[in-house]
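Visitor: below: sequence and its predicted model.
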Amino acid sequence: MIVSLPESPQAIADATWPDLEPLYEALATAPIDDPKAWLLEWSKLEEILEEAGTVAMIAYTCDTADPEKEAANLRWSSEIFPKAVEMQVRLAKRLVELGYTEPGLEVAIRGFRTDIEIFREENVPLSSELETLVAAYQKITGGLTVDWNGEKKTVPQLQPFLKDRDRTVREKAFRLGSRAYMDQREEMAKLFDEMYEKRQRVARNAGFPDYQAYAFKSKHRFDYTPDDCASFHRAVEKTVAPAVERLMAHRRNRLGVEAVRPWDTQVELEGARPLKPFSDVAGLVEPARRVFNALDPELGAQFGKMADEGLLDLESRPGKAPGGYCTKLSWRGMPFIFMNAVGVPDDVSTLVHEAGHSFHDFASHRQQYVWQRSFTHEAAELASMSMELLAAPHLTLPTGYYAPDEARTAWTEHLEDVLVTLAHIASVDAFQAWIYTSGKGADAAARDAAWLDIRTRFERGVDWTGLEPERVSRWYRQLHIFEYPFYYIEYGIAQLGALQLWRASRSDPAGTVRRYREALALGGTVSLPDMYRAAGAKLIFNEKDMGELVTLVESELISLRNGG
């Protein structure tokens, strides 16, 4: 043993960086007589630290109003992890200088080389400061509530009202949710001003012209470029945006309105009343067990283990951070799912999506080293978005949540959302590119104006007349722009990969699930194109291939409307 490792993450829950630094220092200074043994110890140390910090993050996002949980999360995110990154680069240099490798470690070592190349000591305090700003954003958004007929509700809890048959109810819910963010616009804009300045400084310190160039390198985007993303945007503009416009024209006709307004985009077009797939958390979890068992018994067992061991926090409540995520507890080899369920079909999709991430974590944990169990977001989102499509045939009762007619409605809504979301993804990614490369990203008013321009390019068929402030507020609620800059194009890349898997599953469901699982088990041992290839997909940025998938989705929607 080179270092006396903590017995568990819980043993270092209250640790500070001075408590942990000696563990890294021992690895940094010990002779490396056996590289594999040294690497295994380093991997075990990372498992323990990652889980300790993740537990603190989970506790805080589940209760942003608790000052002790906030302090613990900040200690890990802004004090410990930035310093740990510095030591990780130091250890990576030792390994790279040895010239050591082994089968399945090549991708990780390429990542080490990149991290070494872009690391700058002066960026460590900037990373800490950015984490503090992220926590401030989480606190603002986690504390947002509205008055709904005398009852305090979170913004996610307005979601069912956006599906109400009564148009006045939908409009009220839309305006209240937007107003909650509009009222915080100035404070959030100031936060973003600081984030922007610090991120651009991080990039310049590392020798990059802007944060976009730095982000592509730091995210290990070895297989595509900003130019590819621009091609993606153009392809969406040519293929997806017109399809969404056709969706909205159909919606306008079915609703019998002169124009589709923002509060008309989520109401279901079929059925006597909005779908309510479950009424409590048990009603969300128990059918999910059956769905995953029907798809694949081992996946069902994995989800059941998470449910039985309390690794799901699903309901929306005051003080809880918005959004949803799946994160892994590296030491125990278990995932954790967080979301804000309120009883709508989107909650079912979100749980299935996050479960896809969890299955990826389970599969990749079989790899020997912690770095081999890590993968880029493009791979992670392929796992989650494919699961949404592969699980869809099992969502009908008695296995799932819906009667047959309701299942057809839910599937229609999901496919429509695939197209709408692709347009949204292009908006968000193009907006982030503009922020960090235009030279005007430091100007809050210019950011808002650019969002409106970009949104108009991709979002068609919805009448926003007189609602410019509400339309602007949409980017303030997109947490990725604040918390995870440039993390969004991955959803688009992965959605196109998932549609390819869905296309294959229509003729070979069992083989598609098998290939899906085999691809997940590769973890981070192969390149992104190779991982997609193993699953039966390829990376798509061009109009032709994207157009074929859009046509497939539209054809299925027409069939569903005709009772198919």
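Guide: Done, it's in.
Visitor: strands of this protein, start to end?
Guide: For the chain, the strands defined by DSSP state E cover 145-148, 151-154, 312-315, 325-329, 334-341.
Visitor: and the fourth one, what does it pack onto?
Guide: Helices and strands touching strand 325-329, as assessed by 3 or more C-beta pairs under 8 Å, 6 or more residues apart in numbering; DSSP states H and E, comprise helix 35-62, strand 334-341, helix 345-364. To be clear about C-beta, it is placed using only N, CA and C from the backbone, and glycine gets the same treatment.
Visitor: the strands of the chain: which one's closest to residue 118?
Guide: Of all the strands of the chain, strand 325-329 sits nearest to residue 118, with 24.4 Å by C-beta to C-beta.
Visitor: just the C-alpha atoms of that closest one, please, in CSV.
Guide: Extracted C-alpha coordinates of strand 325-329, given in CSV (Å, rounded to 0.1, in the frame of the first residue of the first chain):
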residue,chain,number,x,y,z
TYR,A,325,-30.0,14.3,-13.1
CYS,A,326,-28.5,10.9,-12.6
THR,A,327,-25.1,10.8,-10.8
LYS,A,328,-23.0,7.9,-9.8
LEU,A,329,-21.7,7.0,-6.4
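Visitor: ok, the residue positioned nearest the centre of the chain to residue 380 distance?
Guide: The residue lying closest to the centre of the chain (C-alpha atoms, centre = their mean) is residue 325, at 6.4 Å. Per C-beta to C-beta, to the nearest Å, residue 325 is found 11 Å from residue 380.
Visitor: show me where pLDDT drops low in the stretch 251-400 of the chain?
Guide: Flagging of the stretch 251-400 of the chain using pLDDT under 70 yields the residue ranges 272.
Visitor: show me where the stretch 301-450 of the chain has helices.
Guide: For the stretch 301-450 of the chain, helices defined by DSSP state H, counting those that start in this stretch occupy the ranges 345-364, 377-391, 404-437, 444-458.
Visitor: right, so of the ones you listed, which gets closest to residue 508?
Guide: Here helix 377-391 is closest among the helices of the stretch 301-450 of the chain (C-beta to C-beta), at 11.6 Å.
Visitor: any idea how far that closest one is from the chain center?
Guide: What separates the centre of helix 377-391 from the centre of its chain is 11 Å, taken as C-alpha atoms, centre = their mean, to the nearest Å.
Visitor: got it, and stretch 11-31?
Guide: Stretch 11-31 sits 31 Å away from the centroid of its parent chain (C-alpha atoms, centre = their mean).
Visitor: what sits up against that stretch?
Guide: 2-3, 5-6, 38, 41-42, 45, 48-49, 52, 55-56, 72, 75, 79-80, 83-84, 87-88, 90-91, 94 (C-beta atoms under 8 Å, 6 or more residues apart in numbering).
Visitor: redo that, cut-off 7 Å
Guide: The contact list for stretch 11-31, computed with C-beta atoms under 7 Å, 6 or more residues apart in numbering, reads 2-3, 6, 38, 41-42, 45, 48-49, 52, 55, 75, 79-80, 83, 87, 90-91, 94.
Visitor: residue 282 is nearest to which of the strands of the chain?
Guide: Closest of the strands of the chain to residue 282 is strand 312-315, at 10.1 Å (criterion: C-beta to C-beta).
Visitor: return the list of strands paired to the closest one, each annotated with direction.
Guide: Strand 312-315 has the following strand partners under DSSP bridges: strand 334-341 (parallel).
Visitor: now the strand it pairs with - C-alpha only, PDB.
Guide: The C-alpha trace of strand 334-341 is given here as PDB (Å, rounded to 0.1, in the frame of the first residue of the first chain):
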ATOM      1  CA  MET A 334     -24.400   2.700  -7.600                       C
ATOM      2  CA  PRO A 335     -26.200   5.500  -9.400                       C
ATOM      3  CA  PHE A 336     -28.600   8.100  -7.900                       C
ATOM      4  CA  ILE A 337     -31.600   9.700  -9.700                       C
ATOM      5  CA  PHE A 338     -32.900  13.200  -8.800                       C
ATOM      6  CA  MET A 339     -35.900  14.800 -10.500                       C
ATOM      7  CA  ASN A 340     -39.000  17.000  -9.800                       C
ATOM      8  CA  ALA A 341     -42.000  14.800 -10.600                       C
END
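Visitor: relative to helix 345-364, how tilted is it?
Guide: In terms of direction (axes from the mean of the first three to the mean of the last three C-alpha atoms, to 10 degrees), strand 334-341 departs from helix 345-364 by 170 degrees.
Visitor: give me the angle between strand 334-341 and strand 325-329.
Guide: Counting by the same axes, to 10 degrees, strand 334-341 lies at 160 degrees to strand 325-329.
Visitor: so for strand 334-341, what gets flagged as buried?
Guide: 334, 335, 336, 337, 338, 339, 340, 341 (16 or more other C-beta atoms under 10 Å).
Visitor: what pairs with the second one across the strands?
Guide: Bridge pairing for residue 335 (DSSP bridges) gives the partners residue 328.
Visitor: quick one: contacts for the closest residue to residue 169 other than its chain neighbours?
Guide: Of all residues not flanking residue 169 in the chain, residue 161 sits nearest, at 5.5 Å (C-beta to C-beta, 6 or more residues apart in numbering). By C-beta under 7 Å, 6+ apart, the contact list for residue 161 reads 169, 170, 173.
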